[in-house]
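>>> Need coordinates for the below:
(one chain, ligands or ions: 1)
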Amino acid sequence: MSHMESNEVPHHEVLVVGGGIGGLTTAFALARKGHRVHVLERAPEFGEVGAGLQLAPNATRLLDRWGLLEHVVAAGVLPSRIILKDALTGVELTRLELGEGFRERYRAPYVVVHRSDLHRILVEACRAAGVSLETDREVERVDAVGDTAFTYCTDGVVYESSVVLGLDGLMSGLRAELVGDEPVDSGYVAYRGVVPVGSATSVDLDAVVAWIGPGCHMVQYPLRQRELVNLVAVVQTASAEGDGLSELERGFAQCCDHVRGALPHLWRDRQWLMYDRPPVGRWADGRLGLLGDAAHPMLQYLAQGACQAIEDAHVLAELADRHPGTETGARRVDWPVTLLAAQHVRAPRTARLQRAARVWGETWHASGLTRLLRNELLMTRSPDDYRHIDWIYGEALGAES
Ligand SMILES: Cc1cc2nc3c(=O)[nH]c(=O)nc-3n(C[C@H](O)[C@H](O)[C@H](O)COP(=O)(O)OP(=O)(O)OC[C@H]3O[C@@H](n4cnc5c(N)ncnc54)[C@H](O)[C@@H]3O)c2cc1C
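Numbers count the residues shown, from 1 in each chain. Now for the predicted structure:
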């Protein structure tokens with residue numbers, strides 16, 4: 001049974017496929033500028049996995065501009081620092097201070113938030129901005145005829161719109177209409193867990209801490225006003241599905257007590273195989289455009305996938321203002337040109353991040369001499385040296401013109 005929040009015949013100005021963080025942010029960013037937006041989500045309910053998400057200032061600056069940041073901060077935590085430790089010895093390698101100097105530099109805070117809280121805030125913001133939301137609708141394909149895009153769902157329902165935005169994630173079916181590639185398996189699998197504070201091994205409730213080791217790493221940070229602890233353990237896997245306890249025990253066997261002590265708190269019933277795709281320069285064709293993970297999926301080591309989807313949303317909404325169409329009424333945007341412009345602005349930056357995330361993962365997972373050299377280099381870095389992250393967190397985004 002589909003849950004439609006509108007009695008209208010399905011013709012929309014903007015049809016967003018996928019109600020994840022990217023889809024909802026895009027819908028909101030367009031709706032607040034007066035576009036009529038409808039979101040299709042294939043799941044029976046809108047929601048997100050019950051784990052944490054890090055939002056860097058390149059994303060929180062935009063949430064602030066949209067009036068959403070205060071809600072996200074109220075639901076989340078403002079950590080004081082990010083700390084990198086060696087997973088084998090537990091020794092601190094470097095830290096990044098996230099206090100006043102950081103916030104002044106980037107004009108926004110670093111926030112960690114429960115995904116379901118962020119998702120709820122976005123659903124509420126979309127509803128308030130007039131976005132119509134529909135679940136239980138799986139999109140199969142899109143065809144454009146003249147100035148109309150036809151979106152066909154697996155249940156036979158067809159939608160008409162001026163533009164279709166594919167925000168259907170890493171495994172995007174709509175991407176297949178533009179790019180003939182496959183997701184690339186990194187050979188790593190992530191296990192997650194969220195536990196009440198006090199039930200996990202001692203946790204720094206003021207920090208995002210990453211223990212990095214040969215072929216593995218673990219990340220811990222507080223959530224929900226420091227009531228919960230988020231755990232992510234990433235380990236090399238030989239299995240196509242992840243083989244749970246044994247690969248975790250094996251992969252983390254050499255790690256320090258703190259890291260091994262956290263393993264029992266990870267969920268065993270679900271794993272996330274770590275995929276990305278190589279950068280491509282084709283996200284748009286006519287009235288179909290890709291954004292978010294569908295356009296530029298990246299490994300999660302820089303914690304930027306959702307942040308980039310938020311940047312995408314902003315850029316598209318700004319560019320839509322700059323490319324008016326010739327038609328009157330709702331079809332006042334030249335969508336094909338707008339989509340190409342968004343791709344042009346965004347693709348170089350997201351390609352750089354896709355590549356950098358791979359390199360950063362290799363750096364985290366280094367062994368032997370490379371690990372020792374990495375540790376030496378990191379230990380000489382000053383905590384308020386932001387030179388290497390300015391390009392990510394700063395304003396040279398192609399996003400904030
Ligand atoms: C372990 C891990 C940790 C991460 N940590 C961070 C972090 O700290 N910070 C950060 O910024 N990013 C992080 N990321 C990346 C981030 O989760 C993703 O980049 C982000 O969620 C992508 O959002 P999206 O909306 O583009 O795609 P998705 O979240 O994948 O949403 C796609 C939506 O489309 C729907 N859908 C799919 N196909 C169809 C269809 N045919 N019809 C209708 N609906 C469809 C799906 O059901 C889903 O709801 C992490 C990723 C992982 C795996």
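>>> Going by secondary structure, residue 337 is in what exactly?
Take DSSP states H and E as the rule and residue 337 turns out to sit in helix 335-364.
>>> Give me the helices and strands touching the helix or strand just after that helix, please.
Next along the chain after helix 335-364, taking DSSP H and E as the criterion, comes helix 368-379. When contacts are defined as 3 or more C-beta pairs under 8 Å, 6 or more residues apart in numbering; DSSP states H and E, helix 368-379 sits against strand 81-86, strand 92-97. Yep, even glycine has a C-beta here, placed from its N, CA and C like the rest.
>>> Let's see that with 7 Å instead.
strand 92-97 (3 or more C-beta pairs under 7 Å, 6 or more residues apart in numbering; DSSP states H and E).
>>> what's the angle from the helix holding residue 337 to strand 81-86?
50 degrees (axes from the mean of the first three to the mean of the last three C-alpha atoms, to 10 degrees).
>>> Report the buried residues of helix 335-364.
Of the residues in helix 335-364, 335-343, 345-347, 349-351, 353-354, 356-358, 360-361, 364 count as buried by neighbour count, 16 or more other C-beta atoms under 10 Å.
>>> got it, and stretch 276-295?
Going by 16+ other C-beta under 10 Å, stretch 276-295 has these buried residues: 276-277, 279-280, 283-295.
>>> Among those residues, which ones lie close to the ligand?
Taking C-beta under 6 Å from any ligand atom as the test, the ligand is in contact with 292, 293 out of the buried residues of stretch 276-295.
>>> quick one: residue 142 from residue 178, how far?
Separation of residue 142 from residue 178 (C-beta to C-beta, to the nearest Å): 10 Å.
>>> More neighbours: the two, which one.
Between residue 142 and residue 178, residue 142 has the larger neighbour count (other C-beta atoms under 10 Å), namely 23 against 20.
>>> how about the residues of this structure near the ligand?
Within the chain, the positions near the ligand by C-beta under 6 Å from any ligand atom are 17-23, 40-43, 53-54, 138-139, 167-170, 173, 190, 232, 272, 292-293, 300, 303-307, 309.
>>> Would you list the buried entries among those residues?
Buried among the residues of the chain next to the ligand by 16+ other C-beta under 10 Å: 17-23, 40-42, 53-54, 139, 167-170, 173, 190, 232, 272, 292-293, 300, 303-307, 309.
>>> Filter those residues down to the ones in helices?
Per DSSP state H, helices hold the following members of those: 21, 22, 23, 305, 306, 307, 309.
>>> Would you mind confirming that the third one makes contact with residue 39?
Looking back up the chat, that one is residue 23. Yes - using C-beta atoms under 7 Å, residue 23 is in contact with residue 39, at 5.8 Å.
>>> Check the contact lists of those two and give me the overlap.
Shared contacts of residue 23 and residue 39 (C-beta atoms under 7 Å, 6 or more residues apart in numbering): residue 16.
>>> Return stretch 180-193 as CSV; C-alpha atoms alone will do.
Extracted in CSV, the C-alpha atoms of stretch 180-193 (Å, rounded to 0.1, in the frame of the first residue of the first chain):
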residue,chain,number,x,y,z
GLY,A,180,27.7,1.7,-17.6
ASP,A,181,29.8,1.0,-14.5
GLU,A,182,29.6,-1.2,-11.5
PRO,A,183,30.3,-0.5,-7.8
VAL,A,184,33.9,-1.3,-6.8
ASP,A,185,34.4,-3.6,-3.8
SER,A,186,37.2,-2.2,-1.6
GLY,A,187,37.7,-5.5,0.2
TYR,A,188,36.6,-3.9,3.5
VAL,A,189,33.5,-4.4,5.5
ALA,A,190,32.0,-2.1,8.2
TYR,A,191,30.3,-3.2,11.4
ARG,A,192,28.3,-0.7,13.4
GLY,A,193,26.8,-0.5,16.8
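>>> In that stretch, which residues are buried?
Of the residues in stretch 180-193, those buried (16+ other C-beta under 10 Å) are 183, 186, 188, 189, 190, 191, 192, 193.
>>> do stretch 368-384 as well
Those would be 371, 374, 375, 378, 383, for stretch 368-384 by 16+ other C-beta under 10 Å.
>>> residue contacts, the last one?
What that stands for is residue 383. So residue 383 contacts 95, 96, 97 (C-beta under 7 Å, 6+ apart).
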